[in-house]
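>>> sequence and predicted structure, then a few things I'm wondering about:
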Amino acid sequence: MAIAALEVRGLSKSFGSNIVLDNITLEVAKSEMVFILGPSGSGKSTFLRCCNRLEEPDSGEIFLNGEPLTEKNVNLNKAREKIGMVFQAFNLYPHLNAEKNVSLALRKVRGFSTEKANEVARSALDKVGLADKYRSYPSELSGGQQQRVAIARAMALEPQVMLFDEPTSALDPELVGDVLEAMRDMKASGITMLVVSHEMNFAREAADRVIFMDNGSIIEEGPPEKIFTAPTNSRTKSFLTRVSGN
Amino acid sequence: MSQWERFTDTFFNRAVIIKYLPDIYHGIWITLELSILIVIFGILLGTCLAVLRVYKILPLSFCIIVFADVFRALPPLVLILIAFFGLPSAGVYLSSFFVLFIILTLVLAAFSEEIVWAGLTSVDSGQWKAARSTGLSLNQTLIWIILPQAFRLAIPPLTNRAIAITKMTALGTVIGVPDILNQATTAQSFSGNASPLMIAAIIYVIIFLPLVIASRWLEEKFSWRKA
């Protein structure tokens, strides 16, 4: 059996007495796109942040292509290079232009020369359709453009797994398409993707698997066709009914 | 002598001014030298202390907070007098210049620490998350992402505080630092004429007015940030 790109075993996390993640186990195959759905407060975002240990899980193990990520002496900074993350609020560096937003980690983490880092950064921006925005500061870009810079920033490091935390939730509807387009391209290039999002149509079209989370647990999973048309769990059903507005 | 003549003779006496201007001129350099040293070391020390608090080493953070609060609460004159007149009894002899430098540097450091810390904490936590997610270390994130943004917020209040502290170099007069005010008061008592004090006032305005204007400019320049 092939080694999973991302494997999570028995992950738990509490904030005080509030159990946010309750013994989550999940395997994501190489090049697979997995969508995580669930009501707000179900622990989706916390789960995502635990995957690159931005949030420290209380217990459980995480493996990236078989390499343990949760062991004590693991070099987290080295490991995080291989896990890209895109945030709901973009989180671009406001004091740096688009090119420098992308090239910073290439220089400081990868040790690229400024010249090489800029070159890689520009080609990453080209890929997300921002060839004319190298010198623009985040405040001069639309939300959709900012999110694409953020995607370029993560992609430039050539990660093995990409985590998306509600990448389109803060965008005006007409700007969502460009970001989804960039994600489609990424999927086509074989990147493993774990996506928390409410873009149901996109999930239906692009996801290989959909996971439904509630109260910190995975309560249902399967191919999108099955989850969307014939969910078995009553909570999945009621959630899908609410978000689809029927 | 008319009222007007008596006024100009008291505050703008040509002869007195010409006689004592060289002394006051010497005081300008002392004041400038002290001000520059205090601003550089005070802001540097304050920034270092604020950055140390990022590491969340509780006993250390506690000490820094106590230092900042005490030095912000006490009148600098009290500290200056204690250091200059108290320490020799304990066998520690410091020059008046050094006492003034060290005390005002510590006071500015205390204020700068609070200002920079406020800047550091008001940078959105998403910036930390984004930077760390690309593999930048804590220190790299601080240096390249967080501090530049924190300083943007901190520069206007830091400038104001730096001006307030450098004006306090005039307190050196009390312990005999030969700064502008000390030279002027000495000249005033020798001549029995207030003109040297007027000259001192004018020199303070010439030195500090550009700084005040610069701080207003900085405030406007950086205020668009963090809307």
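The structure has been received and is ready for your questions. Numbers count the residues shown, from 1 in each chain, chains lettered A, B, ... in the order given.
>>> in space, what's closest to the spatially most central residue of chain B - neighbours in sequence excluded?
Taking CA atoms, centre = their mean, the centroid of chain B lies closest to B:Ile165, which sits 2.8 Å from it. The shortest distance from B:Ile165 to any non-neighbouring residue, by CB to CB, 6 or more residues apart in numbering or on different chains, is to B:Leu108 (4.4 Å). In this view, the C-beta of every residue, glycine as well, is placed from N, C-alpha and C.
>>> from A:Glu205, how far off is that neighbour?
60 Å (CB to CB, to the nearest Å).
>>> tell me which of the two has more neighbours.
Applying other CB atoms under 10 Å in any protein chain shown to B:Leu108 and A:Glu205 shows that B:Leu108 carries more neighbours, namely 28 against 11.
>>> who are the packing partners of the least confident helix or strand in chain B by mean pLDDT?
Least confident helix or strand, chain B: helix B:195-223 with a mean of 86, by mean pLDDT, DSSP states H and E. Applying 3 or more CB pairs under 8 Å, 6 or more residues apart in numbering or on different chains; DSSP states H and E, we find helix B:195-223 packed against helix B:3-11, helix B:14-54, helix B:147-167, helix B:180-191.
>>> same thing but at 7 Å, please
Counting contacts by 3 or more CB pairs under 7 Å, 6 or more residues apart in numbering or on different chains; DSSP states H and E, helix B:195-223 packs against helix B:14-54, helix B:147-167, helix B:180-191.
>>> what's the spacing between the longest one and its chain's center?
Read it as helix B:14-54. Taking CA atoms, centre = their mean, to the nearest Å, one finds the center of helix B:14-54 at 8 Å from the center of the full chain.
>>> and the angle from it to helix B:147-167?
Interaxial angle, helix B:14-54 versus helix B:147-167 (axes from the mean of the first three to the mean of the last three CA atoms, to 10 degrees): 150 degrees.
>>> next: the last one.
Counting by the same axes, to 10 degrees, helix B:180-191 lies at 10 degrees to helix B:147-167.
>>> show me what contacts residue 130?
If you meant another chain, say so; for now it's chain A. A:Ala98, A:Gln145, A:Arg148, A:Val149 (CB atoms under 7 Å, 6 or more residues apart in numbering or on different chains).
>>> wrong one, chain B
Neighbours of B:Ala130 in contact, by CB under 7 Å, 6+ apart: A:Phe87, A:Asn91.
>>> what mean pLDDT does the helix or strand harbouring it get?
Secondary structure assignment for B:Ala130, by DSSP states H and E: helix B:125-133. Averaged across helix B:125-133, pLDDT comes to 96.
>>> immediately after it, which helix or strand?
helix B:138-141.
>>> what mean pLDDT would you report for that following helix?
Mean predicted confidence for helix B:138-141 is 96.
>>> for stretch B:84-98, same thing?
93.
>>> buried sites along that stretch?
B:Phe84, B:Leu94, B:Ser96, B:Phe97 (16 or more other CB atoms under 10 Å in any protein chain shown).
>>> could you look up the SS state of the first one?
For B:Phe84, the reduced secondary structure class is helix; criterion used: DSSP: H, G, I helix; E, B strand; the rest coil.
>>> look up how far chain A lies from it.
The gap separating B:Phe84 from chain A is 43 Å, by CB to the nearest CB, to the nearest Å.
>>> quick one, what contacts that residue?
B:Ser96, B:Val99, B:Ile175.
>>> switch to 10 Å and redo it
For B:Phe84, the contacting residues are B:93-96, B:98-100, B:103, B:172, B:174-177, by CB atoms under 10 Å, 6 or more residues apart in numbering or on different chains.
>>> turn the residues you listed into JSON lines, including secondary structure and distance to A:Met213.
As requested, the contacts of B:Phe84 are exported to JSON lines (DSSP: H, G, I helix; E, B strand; the rest coil; distance: CB to CB, whole Å):
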{"residue": "B:Tyr93", "secondary structure": "coil", "distance to A:Met213": "70"}
{"residue": "B:Leu94", "secondary structure": "coil", "distance to A:Met213": "65"}
{"residue": "B:Ser95", "secondary structure": "coil", "distance to A:Met213": "69"}
{"residue": "B:Ser96", "secondary structure": "helix", "distance to A:Met213": "69"}
{"residue": "B:Phe98", "secondary structure": "helix", "distance to A:Met213": "64"}
{"residue": "B:Val99", "secondary structure": "helix", "distance to A:Met213": "64"}
{"residue": "B:Leu100", "secondary structure": "helix", "distance to A:Met213": "63"}
{"residue": "B:Ile103", "secondary structure": "helix", "distance to A:Met213": "59"}
{"residue": "B:Gly172", "secondary structure": "helix", "distance to A:Met213": "66"}
{"residue": "B:Val174", "secondary structure": "helix", "distance to A:Met213": "69"}
{"residue": "B:Ile175", "secondary structure": "helix", "distance to A:Met213": "69"}
{"residue": "B:Gly176", "secondary structure": "coil", "distance to A:Met213": "73"}
{"residue": "B:Val177", "secondary structure": "coil", "distance to A:Met213": "68"}
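>>> which one of the residues you listed is nearest chain A?
B:Ile103 (34.8 Å; CB to the nearest CB).
>>> still on that earlier bit, how far off centre is the least confident helix or strand of chain B?
Using CA atoms, centre = their mean, the distance between the centre of helix B:195-223 and that of its chain works out at 13 Å.
>>> cool, and stretch A:175-190?
Distance, centroid of stretch A:175-190 to centroid of chain: 12 Å (CA atoms, centre = their mean).
>>> nearest to B:Phe71, of the contacts of B:Phe84?
B:Ile103 (8.9 Å; CB to CB).
>>> which ones are touching the residue nearest to the centre of chain B?
Taking CB under 10 Å, 6+ apart, we find B:Ile165 in contact with B:35, B:38-39, B:42-43, B:76, B:104-105, B:107-109, B:111-112.
>>> for the host helix or strand of A:Leu26, buried residues please.
Assigned by DSSP H and E, A:Leu26 belongs to strand A:18-28. By 16+ other CB under 10 Å, the buried positions in strand A:18-28 come out as A:Ile19, A:Val20, A:Leu21, A:Ile24, A:Leu26, A:Val28.
>>> right, and the pair among those residues with maximum separation?
A:Ile19 and A:Val28 (23.2 Å).
>>> which helix in chain A has the most residues?
Longest helix in chain A, counting residues (DSSP state H): helix A:173-188.
>>> helices or strands up against that one?
strand A:33-37, strand A:83-86, helix A:114-127, helix A:143-155, strand A:161-165, strand A:192-196, helix A:200-206 (3 or more CB pairs under 10 Å, 6 or more residues apart in numbering or on different chains; DSSP states H and E).
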